[in-house]
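*Asks:* my questions are about this predicted structure, shown below with the sequence.
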Amino acid sequence: MIEQAVRRTAAGPGEHRFGVSAGDELPFADGSFDLVVALGYIEYFEDPAPALAELRRVMAPGAVLILQSFKWDLLGRARHLLDSATGRAAARRERLPPDWVDRKYSGRELDRLAARHDFERVAATFNNFLLLPEVARRHWPSLYMSLSDAVERAAPRLFGFSAVNYIGKYVLRKAAG
């Protein structure tokens with residue numbers, strides 16, 4: 001991810017800094033940031049509270065947090081329930097590392113989690129809409145992306161049940177401490 005970010009940034013050398021650290025021990029001073037973007041982040045913590053507390057610590061009062069989480073879409077939830085009933089979910093789980101966490105949050109759950117850490121939601125949306133069966137998405141990925149993008153532009157809330165991602169925009173009400 002860091003290599004991709006460095007390659008994709010249009011800025012010259014030194015204008016952006018990229019690094020890797022544990023989510024519950026960020027190497028930045030208190031109140032260092034006015035904006036934090038955490039995509040594909042929160043769902044990988046067994047206990048997300050320390051990671052959110054750390055984000056809160058490095059953010060200035062009034063700073064903006066863009067927090068995205070994968071969520072259950074309607075077809076994914078149905079597939080998960082079927083896999084659980086047939087034992088396929090357990091077989092998949094056995095192939096993962098024992099400490100693997102991949103928690104899906106509904107919009108309401110993510111909003112509540114953020115609120116417990118003094119973040120107030122000011123906007124939210126959904127994206128990556130699964131509107132075609134998996135076989136169609138594999139065979140015609142450009143059609144899938146075009147449909148998903150069209151729904152995101154036109155009516156993301158209306159089709160939120162089929163979205164894979166929930167993205168909240170939150171403002172930090174007060175500094176940590």
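*Replies:* That came through fine. Keep in mind that what you see is a predicted model, and the values were worked out from it rather than measured.
*Asks:* now the chain, which segments are flagged as low pLDDT?
*Replies:* Applying pLDDT under 70 to the chain picks out residues 1, 10-17, 73-78, 80-81, 83, 89-93, 96, 100-101, 175-177.
*Asks:* which residue ranges of it form strands?
*Replies:* 33-38, 59-70, 119-129, 163-172 (DSSP state E).
*Asks:* can I get these in CSV including mean neighbour count?
*Replies:* Quick note: C-beta positions are derived from backbone N, CA and C, even for glycine. Below are the strands of the chain laid out as CSV (neighbours: other C-beta atoms under 10 Å):
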stretch, mean neighbour count
strand 33-38, 14
strand 59-70, 19
strand 119-129, 17
strand 163-172, 21
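*Asks:* need those strands in TSV with distance to residue 23, can you?
*Replies:* Supplementary listing: these in TSV, determined by distance: least, C-beta to C-beta, whole Å:
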stretch	distance to residue 23
strand 33-38	9
strand 59-70	12
strand 119-129	16
strand 163-172	17
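*Asks:* so which of those gets nearest residue 50?
*Replies:* strand 33-38 (13.7 Å; C-beta to C-beta).
*Asks:* gap between the residue lying closest to residue 168 once chain neighbours are set aside and residue 67?
*Replies:* Residue nearest to residue 168 in three dimensions, not counting chain neighbours: residue 124, with 4.7 Å by C-beta to C-beta, 6 or more residues apart in numbering. Residue 124 sits 10 Å away from residue 67, taking C-beta to C-beta, to the nearest Å as the criterion.
*Asks:* so what sits against both of the two?
*Replies:* 167-168 (C-beta atoms under 8 Å, 6 or more residues apart in numbering).
*Asks:* so which of the strands of the chain gets nearest residue 44?
*Replies:* strand 59-70 (9.9 Å).
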